[in-house]
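Enquirer: Okay, here's the prediction I keep looking at, along with the sequence it came from:
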Amino acid sequence: KKSLQLCQSMAELRRLPVQGLVAGKGAGDDDDSVVLATLKDLNDTVETLRPKEEMISGSLSEVGDLGGGRHATSSVYGRALMVVKRKMRLLQAVEDYESEVRKVMLQFDDISKELVSGALTDPPKKVVGIKKFITSHTHPDGDPADAPKGDFEFFATSFKLPVK
């Protein structure tokens with residue numbers, strides 16, 4: 001009975017709904033499709049990635065509970081989950097930073113007057129470090145989907161957002 005449940009859970013994992021994973025493909029069509037699609041998607045937000053994370057995590061948990069944690073399909077989706085979580089952390093940092101910069105920009109007139117009058121000697125740190133922030137959150141070679149993934153654990157903890 002447990003073997004049958006495992007087979008059914010593995011089949012469900014391979015056939016996670018196309019919506020929210022990879023447009024135009026069933027997830028099992030290409031082992032790397034979820035990873036590559038997540039890396040290449042320029043329209044992701046934390047909120048659009050959250051359902052992917054929950055879907056993959058829930059399916060992996062069920063498969064793991066039934067003893068299929070070391071199955072190849074489980075490993076592929078474990079990698080996909082690592083990528084989704086990393087991208088969510090990066091995007092959250094970008095969203096938080098953008099919010100802070102917007103707050104500063106709303107005070108632009110007051111800050112400009114204070115700078116001109118000498119009451120403020122330096123501009124706000126958030127706006128001075130924009131280029132540094134962008135550099136620290138964008139992948140150095142352009143597209144992380146093209147980066148070497150031989151040491152996947154290293155890749156999944158070090159890739160950054162696409163340059164575009």
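Expert: Yes, it's here.

Enquirer: need the contact list for the most centrally placed residue in the chain.
Expert: Closest to where the C-alpha atoms of the chain average out (CA atoms, centre = their mean) is K87, at 1.5 Å. By CB atoms under 8 Å, 6 or more residues apart in numbering, the contact set of K87 is T38, L39, D44, L49, L161. Every residue, glycine included, has its C-beta placed from N, CA and C.

Enquirer: got a winner among these for most neighbours?
Expert: Per-residue neighbour counts (other CB atoms under 10 Å) across the contacts of K87 peak at L39, which has 24 neighbours.

Enquirer: surely that residue meets F159?
Expert: Yes: with contact defined as CB atoms under 8 Å, L39 reaches F159; the gap is 7.1 Å.

Enquirer: Now list whatever residues contact both of these two.
Expert: With CB under 8 Å, 6+ apart as the test, L39 and F159 both reach V83, P144.

Enquirer: just to revisit the earlier point, quick one: which of the contacts of K87 is nearest S75?
Expert: T38 (16.2 Å; CB to CB).

Enquirer: And the next helix or strand past the helix ranked longest in the chain?
Expert: Longest helix in the chain, counting residues (DSSP state H): helix 72-106. Scanning forward in sequence from helix 72-106 by DSSP states H and E, the next helix or strand is helix 108-117.

Enquirer: can you pull the buried residues of that following helix?
Expert: Judged by neighbour count using 16 or more other CB atoms under 10 Å, the buried positions of helix 108-117 are I111.

Enquirer: List the contacts of that helix.
Expert: Residues outside helix 108-117 that contact it (CB under 8 Å, 6+ apart) are V104, L120, T121, P123, P124.

Enquirer: Most widely separated two among those?
Expert: Across these (CB to CB), the longest gap, 16.0 Å, separates V104 and T121.

Enquirer: Among the contacts of helix 108-117, which ones are in helices?
Expert: When DSSP H is applied, those are split such that V104 fall in helices.

Enquirer: could I get the contacts of helix 108-117 as CSV with pLDDT and neighbour count?
Expert: Listed next are the contacts of helix 108-117 as CSV, based on pLDDT from 0 to 100; neighbours: other CB atoms under 10 Å:
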residue, pLDDT, neighbour count
V104, 86, 14
L120, 84, 14
T121, 82, 7
P123, 80, 13
P124, 79, 15
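
Enquirer: As a quick check, tell me the outermost residue of this structure.
Expert: Residue of the chain lying farthest from the centroid, by CA atoms, centre = their mean: S117 (43.6 Å).
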